[in-house]
Structure formats: C-alpha cells, structure tokens
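Student: quick one, structure for this:
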Amino acid sequence: MGESMSLIQLVEEQIKKYNMVNKGETVVVGVSGGPDSMTLLHILYRLREPLGIKLVVAHLNHQFRGAEADADAQFVLDAARQLKLAAFVESRDVSAYSYTHGISHQVGAREVRYSFLGEVAVKTGASRVALGHHADDQAETILLHMLRGTGTSGLTGMLPVRDDFYIRPLLAVRRRQIEDYCRRHDLVTRLDSSNLKTEYMRNQVRLELLPVLEKKYNPNFVDSLNRLAEICRDEDDYLEHQAEEVFFRARISSAGNALCLDAGRLSVVPQALLRRVIRRAWTEICGVQADLNYRHVEQVMVIINGGGGYRQIDLPKGVTFKKNYDMIEFTLDRKNKDIPFYQYLLKVPGITYVPELGLSIGAEILPVDGTMESYGFGSGQGYFDYDLLAAPLIVRRRLSGDRFAPLGLDGTVKLKKFFIDHKIPRYQRDCIPLVVSGNDIVWVVGMRPGGKWKVTDNTVNCLRLHIIDY
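Tutor: Numbering: from 1, shown residues only. Below you'll find the model as predicted:
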C-alpha cells in the first residue's frame, strides 16, 4: 500500500499547490476508460471527502472505433454505477464535424470532446473539469511543439490549471506510476487501439522517439522536460504580464471588430514583448490564439518597426492588419467569424474577460437602494437579487435548446425564439454571451435579465453585472 498511498499524497499535494478545487464544488471527470483516466477517477473518488467535492463522470464516444468504442462507453457507465456517481455518456460524429470544419480528426476530436465536457459542466453546475494527462503526456507535448517549431510559450506544455476551469491533477505523475497503481488496486482498464497506430505523430513520439532519448541520452529526460515546462510557465506568466501592461498602454480604442494601437509606443518595445503584444491584440479581436503563426507575427513586427506611411496585410480568420503612420489597426469581418463554445467562471466580485468576444463582464455586490431596477432592457448593465442566485455563475456561449424566462414575461421561451423576436441576425447570436446559474439563464448580456432574480422590496444585496467593452 505504501507506494499507492504516496501517489494519492502526490496528487493531493498538486491539487493544493495549484488550488485546483474548492470545498463544495462539483468536478466533472473526463473518463475514457484507459489507465490514466481510471486512475484519476479512483484517486479523486478517494479524495472526494477530504477535499469536500462532488464528482460527475463524463465519457464521449467519438464514433471512430465501432464496437470497441461502444464497449468503452458501457465500461465507463458500469464503473460510474459501481461508485454510485452520475455519468453522462454521449456519442458524437467527430468525422462529420472534422469534415465540415476542414480540420484533422485529431483536432476535431479534441474540439468536440472539450465542448462536450463543458456542456456536462453546465448541466451539473460543475466549476471544474478534471483531465487525466500525466508527466509522460507532458513530455510528448513539449517534444511535439519542438519538432513543429515553438516559442517559449510552447515549452510551457499543458497547464495544471487552464482558464480556472480545466484541471490536471496527474500532471506530476509518471506513466509507470499509473500502471503500478492500476496493478496494486486491480483496476480494470480499457486499451484504446488507436494509441498504437504510428501514423499519428504523437504516437510516433511516444512509441519511438522518447524511448530512444531516454535509453541512449538521458534516463531522466521526461523529468527534465517537465522541469523545463514548470520554469517556462513561471517565466511565460511574467512576460505575459509585462506584455499585457504594454498592450493596455498602447491601446487607443477597441470596438467589437476593430482594435487600434499607438504605433509609436510599440516601435520602442523590446522584440520579446512585441511578439506577445501582437498575439494579445490578435486574441482580443479573434478570441483564439491558434492560426496566427510565427511568419504572420514577424510580418506584423517588420511593419511596426519599419516606420513610413500606409501598409496593409491580410492575416488568417478574416483579420486585416493596417499601419497608417502613428496608428496600427486590426480589423475583423465578424460576419464570417465562427465563435467556438466557451465558458468561464464569473468572478463575483471581479472582472471576467471573454477573449472570444473581446469584452469583459464586471460584477459587484452592492447594498440595495431605491435606484436599482432589474429592468435596464437593452442596456449594458443589469441588477439582480444576489441572495437568490445559486453559485457558481458561469458566462458562456449559447447552446442549442437553451430556454430563457425573461423579466416581464410569464413562463419560458426558447432562446432562439427570443433572438428572432428581437430581430438579432443569426451571425450575431453567438456574439451575445449568457450568464447562467446551472441551467437557468440569469442574463442575456446587454439584452434582458431573467425574471427569477429581479430586485424587489425584499432584496437586501444586489448583484450589478455590466459589460466592459474595450
């Protein structure tokens, strides 16, 4: 028992070190049925009482492997039933999704999986999703980044906590420790046959490259890469913070589809920060870091550093970069913009940034006074009875089937119908965030509050939510 106890202690230490969960929270555990996710589930199950958390199991069948995948799904259902945990098991046609979006099966599977886990969290009021990635996965990720070309951000690898939402409690654990844990506890696990196919680059790194590097060059290579990731994470955080300050000082204006920066201020910024400022500008207007590669960033830097008059280049995702003497501008054709599913824990009180939309939502708790109306239809702010709201509050993109009980209307209406009635064009609907509590929509941001939380004579504490559009 000694070794397995130390593994549980190691995981508990990691959870505390990175503040992965808080007492009273619900955590969705992504379970494929393989050794990593079964160990994750088993350890979190044993820690659920000391940590004061509730667990929910989620499994997605990607429909790649026919009967084998169906058996995986049944296996996970049975495992959850044995532990008396709620389980959400679904099938999605990842091949069709990947084809429609013109992306590889690997990327498609990841997007669909994360979207599914986010939806389960919304349904169950969970504020965390736990994933089973471990130290060997981390080493593979960093090596892959190196092989494809990366900056220091790529050397940070996977984060122990991402977006205050996804957590990786096993990130400091080696694969062999997981295999040993499964043996000691007689954990039955499933083998995913696609993990053995060497046409996938990641599998080549796992099965061929890493073993050679460990055997011939450095037996502690995986640990070395994990240490590198930790050092790079700290340095990356510092540089990001510096770049953020430069970005805000240089920013002149930001509306939904245009961002203007002072070119003079940027031309004196050290190159290491300038690259990050450009990526930060791109994220603000586009919502995602992906698709802007090294070549694009260098083109933009040459123009910023070059002085002179008017220059313009086209960047991916319908973004245009222009420089006109002392002004630089990123513009986006929003009509063609596909906004991915996103959700963030709403900081109350605090400011929650939604990079997909380039806006933030501010929240403050105020004692009630006579001027606070729940109404504010179509305004950038809303007031709510704070004591009636169940935490956690989440800001997310709409999902099909969302229903809404708007203030001023008896009963609920489909959100889609609500948008149609208010003549919101289809392409704009994904650009309107929702603040939700569980399955209830608290505020269709900037449009209408939900009736359930209206401010009345009995209200003691008010929650004021407002849009901060840069």
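Student: residue ranges with poor pLDDT in the stretch 151-300 of the chain?
Tutor: Residues of the stretch 151-300 of the chain meeting the criterion pLDDT under 70: 192-199, 255-256, 287-291.
Student: for it, which segments count as strands?
Tutor: Using DSSP state E, counting those that start in this stretch, the strands of the stretch 151-300 of the chain run over 161-162, 166-167, 251-255, 258-262.
Student: which strands and helices sit next to the last one?
Tutor: So the one you mean is strand 258-262. If contacts are counted by 3 or more Cβ pairs under 8 Å, 6 or more residues apart in numbering; DSSP states H and E, strand 258-262 sits against helix 221-250, strand 251-255, helix 271-286, strand 327-332. Placement of C-beta: from N, CA and C, glycine included.
Student: and Thr280, how many neighbours?
Tutor: To be clear, residue 280 is Arg; Thr isn't right here. By other Cβ atoms under 10 Å, 19 other residues sit near Arg280.
Student: any idea how far stretch 416-424 is from the chain center?
Tutor: Averaging C-alpha positions (Cα atoms, centre = their mean, to the nearest Å) puts stretch 416-424 28 Å from its chain's average.
Student: of all the residues in that stretch, which ones are buried?
Tutor: Within stretch 416-424, the residues scored as buried using 16 or more other Cβ atoms under 10 Å are Lys416, Phe418, Phe419, Ile424.
Student: tell me the SS of the residue lying closest to Ala172 once chain neighbours are set aside?
Tutor: Spatial nearest neighbour of Ala172, chain neighbours left out: Gln14 (5.3 Å); criterion: Cβ to Cβ, 6 or more residues apart in numbering. Here Gln14 is helix, with the state taken from DSSP: H, G, I helix; E, B strand; the rest coil.
Student: report the contact partners of Gln14.
Tutor: Going by Cβ atoms under 8 Å, 6 or more residues apart in numbering, Gln14 touches Met20, Pro160, Pro169, Leu170, Leu171, Ala172.
Student: and which of those residues is nearest to Val445?
Tutor: Nearest to Val445 among the contacts of Gln14, counting by Cβ to Cβ, is Met20 at 28.3 Å.
Student: hang on, the closest one packs against Val161?
Tutor: Yes - counting by Cβ atoms under 8 Å, Met20 touches Val161, with 5.9 Å between them.
Student: when these two are compared, which one has more neighbours?
Tutor: Comparing Met20 with Val161 by neighbour count (other Cβ under 10 Å), the higher total belongs to Met20, at 22 against 17.
Student: name the nearest residue to the more buried one, sequence neighbours excluded.
Tutor: In space, and not counting its chain neighbours, Met20 is closest to Ile167: 4.2 Å by Cβ to Cβ, 6+ apart.
Student: bridged to the one you found, which residues?
Tutor: Under the criterion DSSP bridges, Ile167 forms beta bridges with Ala130, Val161.
Student: count the residues that sit near it.
Tutor: Ile167: 24 neighbours (other Cβ under 10 Å).
Student: tell me which residues touch it, please.
Tutor: Counting by Cβ under 8 Å, 6+ apart, Ile167 touches Ile15, Tyr18, Met20, Val21, Val27, Arg128, Val129, Ala130, Leu131, Pro160, Val161.
Student: distance of Ile167 from Arg233?
Tutor: Ile167 sits 15 Å away from Arg233, going by Cβ to Cβ, to the nearest Å.
Student: again, but for Gly30
Tutor: Going from Gly30 to Arg233 by Cβ to Cβ gives 22 Å.
Student: now the contacts of Gln14 as a markdown table including distance to Tyr310?
Tutor: Conversion of these to a markdown table gives the following (distance: Cβ to Cβ, whole Å):
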| residue | distance to Tyr310 |
| --- | --- |
| Met20 | 49 |
| Pro160 | 45 |
| Pro169 | 52 |
| Leu170 | 52 |
| Leu171 | 48 |
| Ala172 | 52 |
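Student: before we move on, the earlier item: quick one: closest of the helices and strands packed on strand 258-262 to Asp70.
Tutor: Nearest to Asp70, of all the helices and strands packed on strand 258-262, is helix 221-250, at 33.8 Å by Cβ to Cβ.
Student: list the buried residues in that closest one.
Tutor: Buried residues in helix 221-250, counted by 16+ other Cβ under 10 Å: 221-222, 225-226, 228-229, 232-233, 236, 239-240, 242-243, 246-247, 250.
Student: cool, stretch 397-408 as well?
Tutor: The neighbour-count check on stretch 397-408 (16+ other Cβ under 10 Å) flags Arg397, Arg398, Leu399, Asp402, Phe404, Pro406, Leu407 as buried.
Student: in strands, which of those residues appear?
Tutor: Residues of the buried residues of stretch 397-408 located in strands (DSSP state E): Phe404.
Student: from the buried residues of stretch 397-408, pick the one nearest Ser95.
Tutor: For the buried residues of stretch 397-408, the closest approach to Ser95 (Cβ to Cβ) belongs to Leu399, at 22.0 Å.
Student: for the closest one, which non-adjacent residue is closest in space?
Tutor: Residue nearest to Leu399 in three dimensions, not counting chain neighbours: Glu119, with 6.3 Å by Cβ to Cβ, 6+ apart.
Student: shouldn't the one you found be in contact with Gly401?
Tutor: No - Glu119 lies out of contact with Gly401 (Cβ under 8 Å); the separation is 10.2 Å.
Student: list phi and psi for the residue nearest the centre of the chain.
Tutor: Nearest to the geometric centre of the chain sits Asp163, at 5.2 Å (Cα atoms, centre = their mean). Asp163 has phi and psi values of phi 60, psi 30 when expressed as degrees, to the nearest 10.
Student: got it, and the one 5 residues further on?
Tutor: Arg168 adopts backbone torsions of phi -130, psi 80, taken as degrees, to the nearest 10.
Student: and if you look at the one 5 residues further on?
Tutor: Its backbone dihedrals place Val173 at phi -100, psi 140, with angles given as degrees, to the nearest 10.
Student: spit out the contact partners of it.
Tutor: Leu7, Leu10, Val11, His134, Ala135.
Student: by neighbour count, which of those wins?
Tutor: Neighbour max across the contacts of Val173 (other Cβ under 10 Å) = His134, 25 neighbours.
Student: can you pull the contacts of that one?
Tutor: Asp36, Leu170, Leu171, Val173, Arg174, Arg175, Ile178.
Student: hmm, back to that, I would like the residues contacting the helix or strand where the residue nearest to Leu399 lies, please.
Tutor: Using DSSP states H and E, Glu119 falls within helix 105-124. Helix 105-124 has contacts (Cβ under 8 Å, 6+ apart) with 26, 28, 30, 56, 58, 60, 62, 64, 86, 88, 90, 92, 94-95, 97-98, 101, 103, 126-129, 165, 200, 202, 340-343, 394, 396, 399, 436, 438-439.
Student: what about 7 Å?
Tutor: For helix 105-124, the surrounding residues in contact (Cβ atoms under 7 Å, 6 or more residues apart in numbering) are 26, 28, 30, 56, 58, 60, 62, 88, 90, 92, 94-95, 97-98, 101, 129, 200, 341, 343, 394, 396, 399, 436, 439.
Student: check stretch 423-442 too.
Tutor: Stretch 423-442 has contacts (Cβ under 7 Å, 6+ apart) with 122-123, 125, 334-335, 339, 346, 354, 357, 361, 384, 389-390, 393-398, 402, 404, 419, 443-447, 450, 452-453, 465.
Student: let me see the domain layout of this structure.
Tutor: For the chain, the structural domains run 2-219, 242-336, 343-469, going by automatic domain parsing.
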